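S.K.: Okay, structure incoming, though there's no sequence with it:
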Ligand SMILES: N=CN[C@@H](CCC(=O)O)C(=O)O
Ligand SMILES: [Zn+2]
């Protein structure tokens, strides 16, 4: 089994100690940094981590003279692979013309209500084959990997018929099997009411609950169920029904909550026991409190606020209230067309006043909690997957001092190099 050791990082950012519960409050600033730290991996897992001396001792005692690939990280930082817990990854086509419509005054919801937005991507995705979706998405995953993202969540929701939702989820499953990046799927049949059900949204909800969910569960195509709980899309009451039905099929709830209008999505997430509530630009004080009490992770998406020119979520109030905060790109073709999680961290820092330390917690261990993967990834600890980033920066504060810069030099996924010297280097 392949053995690799990374020697002497300026800062080895471990994120240790939060695999059971996400980090909240001040703990979000504790990165578990080991100065001059080293890391040994074997068989895809981390087998030793500590100071240079501690890891050298491990190697002498356990590996003797066996072949070891040695990587020098002197002057660099090493951290867990980033996790992006909210994307609409699999879709066909693009909507560049909408940017100009929005610049001329049309709102995101107006475009959707006129049959554009999500519904435009739905038309293009319906027309695409599963193979074409896999091919289109492949390059997006590559761009994520080049940015240091090693696990990504992916929602359906551009099919909106039984067959097209299954097609999107099957494409995600193929990608999970073929691409080195881990893809974790969420069923989001309730992303919009498709045009053909405009006059009878209840009939569409029936289709989602009675036909889509059983098939998604039977084919084991998703772990989570998400709903766009928004004015003019799905009401709080409809969202609750959908999420409760999902639970009966073993699908863990997530909510697109309080994105554009303060509807009560945060409160709903707490009520149904959602693992996360996402967006939250308009979340109420009561909603934030309810999330803190129920331990719902707030997945904040500052790229969407930036791109929709909307007010940012109140990250500071959430952290003060004890809500675990995670960050994500919300990669999608309408409200956040980017794979740059590092830019998202810059936006979170400068526009939501999250500190350089907090944004790293929010994109590693807390993001892992938002998709139920915190026991496997999100921190550098013995026994966890060797998903590791080496960044060409002397300390983590550099990542937020600069903006729009990709500091990733190398990425290891399950103990194998997938990016080296800034270039993809995996075989499929
Ligand atoms: N708000 C709903 N869904 C996506 C946008 C999808 C789209 O515009 O295609 C989001 O999370 O921002
Ligand atoms: Zn979304």
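M.R.: Yep, that arrived. Please read these numbers as outputs of a predicted model, since none were measured by experiment. Numbering: from 1, shown residues only. Ligands and ions are numbered 1, 2, ... in the order given.

S.K.: Is ligand 1 within reach of stretch 194-208?
M.R.: No. Stretch 194-208 is not in contact with ligand 1 by Cβ under 6 Å from any ligand atom; minimum separation 13.4 Å. Any C-beta I mention is one placed from the backbone N, CA and C, and that applies to glycine too.

S.K.: average pLDDT for that stretch?
M.R.: Stretch 194-208 carries an average pLDDT of 97.

S.K.: Ok, stretch 17-24 next?
M.R.: Rounded mean pLDDT across stretch 17-24 is 98.

S.K.: give me the residue from the stretch 1-150 of the chain nearest ligand 1.
M.R.: residue 118 (4.5 Å; Cβ to the nearest ligand atom).

S.K.: ok, now the stretch 251-400 of the chain?
M.R.: residue 334 (2.4 Å).

S.K.: I figured that residue hits residue 117, correct?
M.R.: Yes. If you go by Cβ atoms under 8 Å, residue 334 and residue 117 touch, sitting 5.4 Å apart.

S.K.: Find the residues that touch each one of these two.
M.R.: Contact criterion Cβ atoms under 8 Å, 6 or more residues apart in numbering; residues shared by residue 334 and residue 117: 95, 98, 108.

S.K.: Please identify the one among the residues you listed that lies nearest to residue 134.
M.R.: residue 95 (20.6 Å; Cβ to Cβ).

S.K.: give the contact list for that closest one.
M.R.: Contacts of residue 95 (Cβ under 8 Å, 6+ apart): 116-117, 120-121, 333-334.

S.K.: Pick the one among the residues you listed closest to residue 229.
M.R.: Once Cβ to Cβ is applied, the member of those that ends up nearest residue 229 is residue 117, at 16.3 Å.

S.K.: Would you enumerate the residues in contact with the closest one?
M.R.: Contacts of residue 117 by Cβ under 8 Å, 6+ apart are 95, 98, 108, 111, 192, 334.

S.K.: And for residue 15?
M.R.: 31-32, 79-80, 360-361, 364-365, 378-380 are the contacts of residue 15 under Cβ under 8 Å, 6+ apart.

S.K.: Not counting sequence-adjacent ones, nearest residue to it?
M.R.: residue 379 (3.8 Å; Cβ to Cβ, 6 or more residues apart in numbering).

S.K.: And for residue 193?
M.R.: Using Cβ to Cβ, 6+ apart, the closest residue to residue 193 is residue 201 (4.6 Å).

S.K.: What of residue 178?
M.R.: Going by Cβ to Cβ, 6+ apart, residue 178 has residue 428 as its nearest residue, at 5.8 Å.

S.K.: Spatially, which two of the contacts of residue 117 are the most separated?
M.R.: Longest span within the contacts of residue 117, Cβ to Cβ: 98 and 192, 14.6 Å.

S.K.: For beta bridges, what are the partners of residue 4?
M.R.: residue 41, residue 69 (DSSP bridges).

S.K.: still on that earlier bit, neighbours around the nearest residue to the residue of the stretch 1-150 of the chain closest to ligand 1 once chain neighbours are set aside, how many?
M.R.: The shortest distance from residue 118 to any non-neighbouring residue, by Cβ to Cβ, 6+ apart, is to residue 192 (4.4 Å). Neighbourhood size, residue 192 [other Cβ atoms under 10 Å]: 25.

S.K.: list the contacts for residue 192?
M.R.: 112, 117-119, 122, 157, 160, 228, 233.

S.K.: Need phi/psi at the residue lying farthest from the centre of the chain.
M.R.: If you look at how far each residue of the chain sits from its centre, by Cα atoms, centre = their mean, the farthest one is residue 65, at 40.0 Å. Main-chain torsions, residue 65, degrees, to the nearest 10: phi -100, psi 20.

S.K.: thinking again about what came up before, got JSON lines for the contacts of residue 117, with secondary structure too?
M.R.: JSON lines is the format used below for these (DSSP: H, G, I helix; E, B strand; the rest coil):
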{"residue": "95", "secondary structure": "coil"}
{"residue": "98", "secondary structure": "helix"}
{"residue": "108", "secondary structure": "helix"}
{"residue": "111", "secondary structure": "helix"}
{"residue": "192", "secondary structure": "coil"}
{"residue": "334", "secondary structure": "coil"}
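
S.K.: Okay, the closest residue to residue 18 other than its chain neighbours and residue 297: tell me how far apart.
M.R.: Excluding the flanking residues, the one nearest residue 18 by Cβ to Cβ, 6+ apart is residue 365, at 4.8 Å. As judged by Cβ to Cβ, to the nearest Å, residue 365 and residue 297 stand 11 Å apart.

S.K.: The two: which has the busier surroundings?
M.R.: In this view residue 365 and residue 297 are compared by other Cβ under 10 Å, and residue 365 has more residues nearby, 32 against 27.

S.K.: who's in contact with the more buried one?
M.R.: By Cβ under 8 Å, 6+ apart, the neighbours of residue 365 are 15, 18-19, 22-23, 80, 374, 378-379.

S.K.: secondary structure class for the closest residue to residue 154 other than its chain neighbours?
M.R.: Nearest non-adjacent residue to residue 154, counting by Cβ to Cβ, 6+ apart: residue 89, 3.9 Å away. Three-state assignment for residue 89 (three-state DSSP): coil.
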